[in-house]
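> got a sequence here, can you build the structure:
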Amino acid sequence: MDYTENNKNKKLSMRNDYVFKRIFTKKGNEDFLKEFLSNLLKIDIKKIEVEHDIALEKELKDEKLGVLDVKAVLNDNMEIDIELQIENEHNIIERSTFYGTRLISSQLESGQDYLNIKPSIVISILNFNVFEYEEYINSTVMVLDKHRECEVNRYLKYYYIELPKFRKRKIDEEDKVSDWLVFIDSKDEKRIGEVMERNEKVKKANEELEYLSGDAAERSKAELREKYKKDITSAREHGIRIGEEKSRKKYMKL
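Numbers count the residues shown, from 1 in each chain. The predicted model follows:
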């Protein structure tokens with residue numbers, strides 16, 4: 001399998017979104033996300049509050065879980081949403097736009113002042129390429145059409161990280177974002193080993209992953225999550241085939 005291994009002696013993959021969320025939202029693991037985000041966003045994070053999803057296990061058992069994203073608040077004034085997307089459903093821009101507007105709209109209750117809105121950032125870590133450009137990390141900025149130097153909206157920003165492009169790059173040993181992407185990508189054990197030698201937090205995260213991989217119950221949940229996503233993909237493809245067949249028969253009758 002690609003992102004959850006069948007062999008119980010092998011590590012689970014961070015590209016399984018259940019595993020990804022388990023590692024980054026477990027209490028005590030806040031420093032993992034803090035280091036990744038501080039280097040990606042290039043900000044000083046003095047405080048991070050990670051949303052711990054207590055309903056995760058029940059929803060997964062009931063197979064009702066659609067999106068497993070990681071949510072956090074930085075320095076009490078910035079909302080973060082991170083999604084790991086493996087399959088290209090050709091809607092990532094629309095999908096991330098929805099997450100961004102949801103982050104903003106969920107902040108205010110009826111009657112609250114718009115000045116209370118916190119800046120929000122949506123980070124999409126993708127196992128496929130979206131843009132034709134060579135950079136594997138791209139972020140958005142909203143500017144005036146005739147004055148591109150003027151940024152008019154700092155309240156909503158998107159980051160797109162394309163793992164296939166990243167895999168082809170030589171790792172910058174001073175770049176801790178790259179360290180975490182090597183770990184998240186889970187593709188190259190040699191590179192992961194090199195990162196662990198210089199980055200203690202990635203080493204600790206990898207130890208957490210190995211512990212998770214050795215837990216039969218957790219492995220079962222990760223595999224259940226993969227089955228759920230495969231079933232959704234299969235149902236979608238089946239619907240497309242039926243639609244194409246109906247179109248073909250209709251065309252033949254013309």
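
> now the element after the helix or strand of the chain with the lowest mean pLDDT, going C-ward?
Using mean pLDDT, DSSP states H and E, the weakest-scoring helix or strand in the chain turns out to be helix 56-61, at a mean of 55. On the C-terminal side of helix 56-61, the closest following helix or strand by DSSP states H and E is strand 70-74.

> next, the buried residues of that next one.
Val70, Lys71, Ala72, Leu74 (16 or more other C-beta atoms under 10 Å). The way it works is simple: take the backbone N, C-alpha and C, and place the C-beta from them, glycine included.

> what residues are bridge-paired with the third one?
To tie it back to what came earlier, the one meant is Ala72. Beta bridges link Ala72 to Val50, Ile80, judged by DSSP bridges.

> you'd agree it is up against Lys47?
No. Look at Ala72 against Lys47 with C-beta atoms under 8 Å: they stay out of range, at 10.2 Å.

> Leu115 and Leu108: what is the separation?
10 Å (C-beta to C-beta, to the nearest Å).

> with Ala222 instead?
Counting by C-beta to C-beta - Ala222 and Leu108 are separated by 36 Å.

> with neighbour numbers in mind, choose between those two.
Ala222 (25 against 13; other C-beta atoms under 10 Å).

> wait, that one sits on Tyr18?
Yes. Between Ala222 and Tyr18 there is a contact under C-beta under 8 Å: 5.0 Å.

> please report phi then psi for Glu162.
Here is the backbone geometry of Glu162 (degrees, to the nearest 10): phi -100, psi 110.

> wait, Lys227
Dihedral pair for Lys227: phi -60, psi -40, per degrees, to the nearest 10.

> which SSE is Lys229 in?
Using DSSP H and E, the element containing Lys229 is helix 216-253.

> my read is Glu35 is in a helix, agree?
Yes. Under DSSP: H, G, I helix; E, B strand; the rest coil, Glu35 sits within a helix.

> for Ile48, see how far away it is.
The gap separating Glu35 from Ile48 is 10 Å, by C-beta to C-beta.

> surely Asp69 and Glu83 touch.
Yes. With contacts counted by C-beta under 8 Å, Asp69 reaches Glu83, the gap being 4.4 Å.

> so what sits against both of these two?
The contact sets of Asp69 and Glu83 overlap at Tyr99 (C-beta atoms under 8 Å, 6 or more residues apart in numbering).

> number of residues surrounding Lys157?
Other residues lying near Lys157 total 18 when counted by other C-beta under 10 Å.

> that one: what's its closest spatial neighbour, skipping adjacent residues?
Leaving out its chain neighbours, the residue that sits closest to Lys157 by C-beta to C-beta, 6 or more residues apart in numbering is Ile121, at 5.0 Å.

> quick one, what contacts that neighbour?
Here Ile121 is in contact with Leu41, Met78, Glu79, Ile80, Asp81, Leu156, Lys157, Tyr158, Tyr159 (C-beta under 8 Å, 6+ apart).

> what's the residue nearest to the first one when sequence neighbours are not counted sitting at in phi/psi?
Yep, that's Leu41 we're talking about. Closest residue to Leu41 apart from its sequence neighbours, by C-beta to C-beta, 6+ apart: Ile121 at 7.0 Å. The phi and psi values for Ile121, taken as degrees, to the nearest 10, are phi -130, psi 130.

> distance of Ile121 relative to Glu132?
24 Å.

> then Glu210?
Distance, Glu210 to Glu132, by C-beta to C-beta: 38 Å.
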